[in-house]
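*Asks:* sequence and predicted model, in that order:
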Amino acid sequence: MKTNKKFLSLINLLRYRATNEGNKKAYTFLFNGQTEANSLTYGEFERRAQAIAAKLQTMRIAKGERALLLYSQGLDFMCAFFGCLYA
């Protein structure tokens, strides 16, 4: 699906993709740069990011505060990064 829409943020883009292409593969992590280890659809990606955002909000972390993301290589970092953007 091609779109000429302009998005004001990465979150707006993810919301659009999750709504319109929720079952489409969004990201694939390649172990050693070659072998597919795991992947996320846009819908799964948005749900995981929103869950992390909800957790951050329950921790009463103020908007604009810094967060340190310590993750090994993989898709968990992407979800956490977008979770911070959502929060």
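*Replies:* Great, that's in hand.
*Asks:* list the contacts of the longest helix along the chain.
*Replies:* Ranked by residue count, the top helix of the chain under DSSP state H comes out as helix 42-58. Residues outside helix 42-58 that contact it (Cβ atoms under 8 Å, 6 or more residues apart in numbering): 14-15, 17-18, 21-24, 26-27, 40, 67, 75, 78-80, 82-87. The way it works is simple: take the backbone N, C-alpha and C, and place the C-beta from them, glycine included.
*Asks:* before we move on, what about stretch 74-85?
*Replies:* 9-11, 14, 27, 29, 37-40, 45-46, 48-53, 55-56, 67, 69, 71.
*Asks:* what does stretch 18-34 give?
*Replies:* Residues from elsewhere that reach stretch 18-34, judged by Cβ under 8 Å, 6+ apart: 1, 17, 36-46, 73-75, 78.
*Asks:* got the end-to-end distance for that stretch?
*Replies:* One end of stretch 18-34 to the other measures 26 Å (Cα to Cα, to the nearest Å).
*Asks:* list the buried ones in that stretch?
*Replies:* Under the neighbour-count criterion of 16 or more other Cβ atoms under 10 Å, stretch 18-34 has 18, 26, 29 buried.
*Asks:* ok but the last one is inside a strand, no?
*Replies:* Okay, so that is residue 29. Yes - assessed with DSSP: H, G, I helix; E, B strand; the rest coil, residue 29 lies in a strand.
*Asks:* do you know how far it is from residue 79?
*Replies:* Separation of residue 29 from residue 79 (Cβ to Cβ, to the nearest Å) stands at 11 Å.
*Asks:* swap in the second one?
*Replies:* Summarising the geometry, the distance separating residue 26 from residue 79, computed by Cβ to Cβ, is 11 Å.
*Asks:* pLDDT weak spots in the protein?
*Replies:* Across the chain, the ranges flagged by pLDDT under 70 are 1-3.
*Asks:* let's see it at 90
*Replies:* 1-5, 31-33, 60-65, 67, 73, 87 (pLDDT under 90).
*Asks:* what ranges do the helices span in it?
*Replies:* Using DSSP H, helices in the chain cover 10-20, 42-58, 75-86.
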